[in-house]
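# Dropping the sequence and predicted coords here.
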Amino acid sequence: MGLNLSPDETLHCRWAPANDPLYRAYHDEEWGVPEYDPRALWEKLQLDGMQAGLSWVTILRKREAIREEFDGFVPERVARWDQERIEKALQNPGIIRSPKKIQATIGNAQAYLDMMDAGEDFSDWLWSFTGGAPIVNQLDDVSNVPAKTPLSEELSKALKKKGFKFCGPVIVYAFMQAVGMVNDHETRCPRHKEVQEFYK
């Protein structure tokens with residue numbers, strides 16, 4: 001017996017149900033839109049790292065609390081966190097209270113700043129892995145989306161070499177999808193075409 005879907009539901013990516021307004025808004029407004037701001041890219045990589053072992057919707061529902069606790073994800077601020085600041089964060093039930101993930105975020109802020117000090121723009125560096133333009137896939141169903149790709153494995157290794165943590169190839173591929181380095185909207189989804197209008 002097939003699903004009783006409205007005409008609208010037969011179009012959008014199946015992972016973004018209309019009965020979850022927050023999740024659907026994320027799909028309709030953010031996911032897959034090319035992001036070029038280096039700080040915003042760094043923030044998204046941290047959020048995807050925090051997702052490790054959890055569902056993305058869990059992070060999405062906590063995102064505003066996480067942003068507030070992590071000083072708006074300003075790398076210059078997070079890089080200066082000491083043990084006292086870590087302990088304060090661990091008392092916040094609105095975030096992912098994992099000492100390892102918090103420590104990784106601090107280290108990732110320092111790695112980001114090291115790149116900046118070396119004259120490397122985080123955005124330009126990331127986008128160089130796709131030749132400066134999004135990879136537009138032609139997926140007819142979400143079940144055909146890979147968990148990782150050779151390119152996400154390459155980028156994962158490169159990030160780790162720069163000192164980043166919680167950036168395995170599966171996390172990195174989810175990040176690449178989210179920030180539009182890869183367009184993995186289903187071809188029937190209106191957003192597959194729409195997000196291409198944001199390409200530089």
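Cool, got the structure.
# hey, where'd the strands end up in this structure?
135-136, 182-183 (DSSP state E).
# just the helices in the chain please.
21-29, 38-50, 56-69, 75-78, 83-90, 99-117, 122-127, 150-161, 169-178, 190-194 (DSSP state H).
# Next, format the ones you listed as a markdown table and append distance to residue 134 and mean neighbour count.
C-beta coordinates here come from the backbone N, C-alpha and C atoms, glycine included. Shown next, in a markdown table, are the helices of the chain (distance: least, C-beta to C-beta, whole Å; neighbours: other C-beta atoms under 10 Å):
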| stretch | distance to residue 134 | mean neighbour count |
| --- | --- | --- |
| helix 21-29 | 17 | 14 |
| helix 38-50 | 13 | 21 |
| helix 56-69 | 20 | 16 |
| helix 75-78 | 24 | 18 |
| helix 83-90 | 34 | 12 |
| helix 99-117 | 22 | 18 |
| helix 122-127 | 9 | 18 |
| helix 150-161 | 12 | 16 |
| helix 169-178 | 9 | 22 |
| helix 190-194 | 11 | 16 |
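# quick one, which of those helices is nearest to residue 140?
helix 190-194 (10.5 Å; C-beta to C-beta).
# So which residues lie in contact with the closest one, not counting its own?
Residues outside helix 190-194 that contact it (C-beta atoms under 8 Å, 6 or more residues apart in numbering) are 11-13, 27-28, 31-32, 183, 185-186.
# Switch the helices of the chain over to TSV; also include mean pLDDT and distance to residue 142.
Output for the helices of the chain, formatted as TSV (pLDDT from 0 to 100; distance: least, C-beta to C-beta, whole Å):
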stretch	mean pLDDT	distance to residue 142
helix 21-29	95	11
helix 38-50	98	18
helix 56-69	97	13
helix 75-78	98	33
helix 83-90	98	34
helix 99-117	98	27
helix 122-127	98	24
helix 150-161	98	17
helix 169-178	98	11
helix 190-194	95	12
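# can you list those in JSON lines and add distance to residue 143?
Output for the helices of the chain, formatted as JSON lines (distance: least, C-beta to C-beta, whole Å):
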{"stretch": "helix 21-29", "distance to residue 143": "17"}
{"stretch": "helix 38-50", "distance to residue 143": "21"}
{"stretch": "helix 56-69", "distance to residue 143": "17"}
{"stretch": "helix 75-78", "distance to residue 143": "37"}
{"stretch": "helix 83-90", "distance to residue 143": "37"}
{"stretch": "helix 99-117", "distance to residue 143": "29"}
{"stretch": "helix 122-127", "distance to residue 143": "27"}
{"stretch": "helix 150-161", "distance to residue 143": "18"}
{"stretch": "helix 169-178", "distance to residue 143": "15"}
{"stretch": "helix 190-194", "distance to residue 143": "16"}
